[in-house]
Structures are given as structure tokens and as C-alpha cells.
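S.K.: return atomic coordinates for the entry below.
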Amino acid sequence: NNTKYNATMGRSTLWGFGTDFTSQKWLSLDPCGILCASLSISIHLFALFALGFTMISHSLLSKILYALLYVPFSALALTSLFMATTTDPGAVPMGARPIPANLASESDSIVTERDTVRGGLRRRRGIRRCRKCNDNYKPPRAHHDSVTGRCVVKMDHYCPWVCNAVGIMNHKFFILFILYTFLTAIVSLALILMKFIHCGIQQSDNNNDVNNKTLQYAVDLYYDEHQQQQQQYDNNIFLDSDEQATTGCDVMMNSDSMIISTLLVIVTILFFFFTCCMLIEQGEAVDTNMSKIARMKTRAGLSNADEYRPVATEFNEVFGGEHPTLSWHWFLPLPVKFPEWAHDNVLGYEYNSTFPPTPYQEPSDTDTESVASRGSSVSLGRMSVTSDREDLGEVEGDIENVYVGGGVTLDQDNESSSVKKRSSTAATIT
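M.R.: The predicted structure follows:
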């Protein structure tokens, strides 16, 4: 195979940051993703300062909740966002190879690909490859992401809010970002509610006090009390206004604070419901150890559930660790680590820095024949495969992109997909 290797496959790189094969630091340079991730950070910082300046000055309890709950949750959310954005989601490196134990079975599978020499399609025995990644090896549970331009192991979707594809190595950070954003929304709602209740009661009490003292002042004035008592009542009336100011309720009365408070309430309510729905949806990924794409392809009948099953039950593939049960490290934005004995099996490929940065080439001992047009009969060794136009075109493919809140796009990548012997293709052993 004389296919040329393009080192810049994937998206562009800038000052060493990017998602191509030569990038030193992982960072998606997608403009939409950068904008959305910046908005995520801005909203968190806005809520952090808006609550501190407008919602906690009236109560010691509010200050304690803000300092002990909201600030830590907000910090963890921002840290998780940073990790989700800058962590390689599990992109398959150039030169990755099949795991030796699986090489025989993968090499015996039937692959459909384009014949760049004779035109049309051809079928051959061999490992799965990604045409969009210059025929780099494509592990069984990997899917090509068109935004980052890379094949990602256990890709769940591309999320513009974190400006990155969500895969095996950063799925944990994505879930933690949603979780801590949800918790900040709960605490924020509680602080806002406490503020409005307190100021509503305080305003009612102040109005009653002013009315009573005004009535008393009028009575004393009627009886021509001495001037000193009159001045004392004047001071008392205006003192109530000063006392109200010390409660912090006056902060909400000016126009600027009202705008900030209104925006804070709207943002808090929106993020509360959005993150709540996302947590429910992501709970299935944690429970089944299957990505969104895998679940969708399985339900649609495009793939067998066994193809995406977890490689082991001794740990959780989303959070890593040494056992599958809930653990403290699940809640901290620390890098995901798998047991050493299972690391390559989870990723689905073998790789180290000594491998040449070119697509892996399996031993060329399999027979291949080109198919100039669809609807042909192809002889592969001792297997004769006959397919019609529909069967050859509609093979099991990848779902390239799933956007959060932006719908689902199913994009079949036929050139690098495996054709199962149990499909509609008629296979006759000769």
C-alpha cells in the first residue's frame, strides 16, 4: 500500500495547540465550540459575582451557603470544563495497531472500501480503517468526529459547550461539568429565594413601623410637644431607612441591580432544567458503559450490542479506577486511569512512541478483487460474496456527529465499515 500519509489530517493547529496528529497540546479550534465554551465560563463567573454582590449581604446563613457550597461547586464546574476541553478524548494516534490477540479475527473480517485505482468499491479481508484519517487503523469502538477530524474511541457526541468531542478519556469531565453546574444552580435558587423572602418580610415590617411612628408624630405635634421630642421622632423615621439599608435589601432597588438580579434568575432556571435533563441522559451511559452513538446504532439495528459491550466488569469505563462501584475519585476532575492490564483493551489498539507515524500495514497475504460497480459478485479466497446495489451501499457505518441541544446527525461511513456475515449479503462457502 503506497498511500501517502498526511501529517495534518484532522483540524488545524496553532502554536502547538490543535487536534491533528502532530499537535503537542489537545485543543479543538472550532470557532463555534470556542464561542460556546467561552460563554459557559462567562455565565459561571457572572453568577459567581452576581450572587456575591446582590444576594447574600442580608443574612449570615446566606454567606455561609455561598462560601461553603456555591464557591466550591462553581470552582469544580470550571475545573471540569477546563479538563473536558483540553483533554484528548481518546483520539486514535497515527500508527496505532490492532491488539495482537485480536489481529487474527480482525484481519479475517470483510471490509468495503473505495478502489482509487480502478474506481468503484472493493471488498477485501482486512482490519478496519478510516479513509478520512488516511487509512489509519480504526478500533472496533471508535467513531470518526468531523469537527476534530479524528477517530475517537467510545465517542459519545461533540459538545460545543466544552468545545470538544466527548470520548473515553474525557467523558468523566463532561459529566462532572454538568453535575456541578446543576448543583450551583440549586444553591443559587436557594440563595435567591432566601433573599426575596427576607426582603419581602422586611419591607412589610418597615412600612408598618413608619406608619405607626408617623401617626404618633402627628398626635404629639397636635399637643404641641417641645421641639426636642419633635426632632427625636424625625430622627426615628429616617432611622428606619438606614436600618433597611443595613439589611442589604436596598441593593435590589436600584435599576442596575434589578437587571443583574433578573438575568441571574433567568440563567439559573435555564441551567437548572438543562443540566437536570442532561444528567438523566448521561446516567444511562454510566450504567451501561456504552456511548450515545453505540446505544443509537444498537437500537437502530445497525450494530449488534456485543460489538460495544464493556471489555471488563472490574471497573467503570467512564470513571476508571480499580472497581465498578461508586468511589471518591468519581467526583474529582482527575485524569481517568484504567488498570494496566486492561488499558489497551479499553482503547482497542496498541501504540507506543517507537511505532512509525504511518498507517499500520497488516501482512499482505489476503486476496482482494476490485468491484467496478455495485451489484457484482466478489470472490474472496474460499468465500463468494454476492451483493446487490442496496446491500453494497448500506453497510454498517459510523455516526459522525451528535450535538448537544442541536439534534442528531447520522452519517454513514461506508468505506471503512465491516460487513457482517449475518447481514443481508448472501454468503456462500465454496
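
S.K.: hey, let's count contacts and neighbours off CA atoms from now on
M.R.: OK.

S.K.: hmm, residue 29 and residue 11 touching each other?
M.R.: Yes. Counting by C-alpha atoms under 8 Å, residue 11 does reach residue 29; the two are 7.5 Å apart.

S.K.: between the two, what contacts are shared?
M.R.: Shared contacts of residue 11 and residue 29, defined by C-alpha atoms under 8 Å, 6 or more residues apart in numbering, comprise 18-19.

S.K.: neighbours around residue 342, how many?
M.R.: Neighbourhood size, residue 342 [other C-alpha atoms under 10 Å]: 14.

S.K.: phi, psi for it please.
M.R.: The phi/psi pair for residue 342 (degrees, to the nearest 10) reads phi -110, psi 0.

S.K.: for residue 37, list the residues it contacts.
M.R.: Neighbouring residues of residue 37 by C-alpha under 8 Å, 6+ apart: 160-163.

S.K.: reformat those residues as a markdown table; add pLDDT, neighbour count and secondary structure.
M.R.: As requested, the contacts of residue 37 are exported to a markdown table (pLDDT from 0 to 100; neighbours: other C-alpha atoms under 10 Å; DSSP: H, G, I helix; E, B strand; the rest coil):
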| residue | pLDDT | neighbour count | secondary structure |
| --- | --- | --- | --- |
| 160 | 95 | 24 | coil |
| 161 | 95 | 22 | coil |
| 162 | 96 | 28 | coil |
| 163 | 96 | 27 | coil |
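
S.K.: nearest to residue 286, of those?
M.R.: For the contacts of residue 37, the minimum distance to residue 286 (C-alpha to C-alpha) is 19.0 Å, reached by residue 162.

S.K.: okay, the closest one and residue 23: tell me how far apart.
M.R.: Going from residue 162 to residue 23 by C-alpha to C-alpha, to the nearest Å gives 19 Å.

S.K.: then residue 67?
M.R.: With C-alpha to C-alpha as the criterion, residue 67 and residue 23 are 40 Å apart.

S.K.: now swap in residue 39 and tell me
M.R.: From residue 39 over to residue 23 the distance is 25 Å, taken as C-alpha to C-alpha.

S.K.: between those two, who's got more neighbours?
M.R.: Neighbour totals were compared for residue 39 and residue 23, and residue 23 leads with 19 against 14 (other C-alpha under 10 Å).

S.K.: dump the residue contacts of the more buried one.
M.R.: 13, 16-17.

S.K.: ok, residues contacting stretch 286-294?
M.R.: 154-157, 285, 308-310, 316-318, 399, 402.

S.K.: hmm, I was thinking of stretch 152-161
M.R.: With C-alpha under 8 Å, 6+ apart, stretch 152-161 has contacts from 32-34, 36-37, 39-40, 89-92, 139, 141-145, 147, 164-168, 171, 290-294, 347-348, 401-404.

S.K.: mind saving the C-alpha coords of that stretch as CSV?
M.R.: The C-alpha atoms that make up stretch 152-161 are tabulated as CSV, following Å, rounded to 0.1, in the frame of the first residue of the first chain:
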residue,chain,number,x,y,z
VAL,A,152,-12.4,8.9,18.9
VAL,A,153,-12.7,5.7,21.0
LYS,A,154,-16.2,5.4,22.5
MET,A,155,-17.2,8.8,21.1
ASP,A,156,-20.4,9.9,22.8
HIS,A,157,-21.0,13.2,20.9
TYR,A,158,-19.4,16.5,20.1
CYS,A,159,-20.4,19.1,22.7
PRO,A,160,-19.9,22.8,21.7
TRP,A,161,-20.3,23.8,25.4
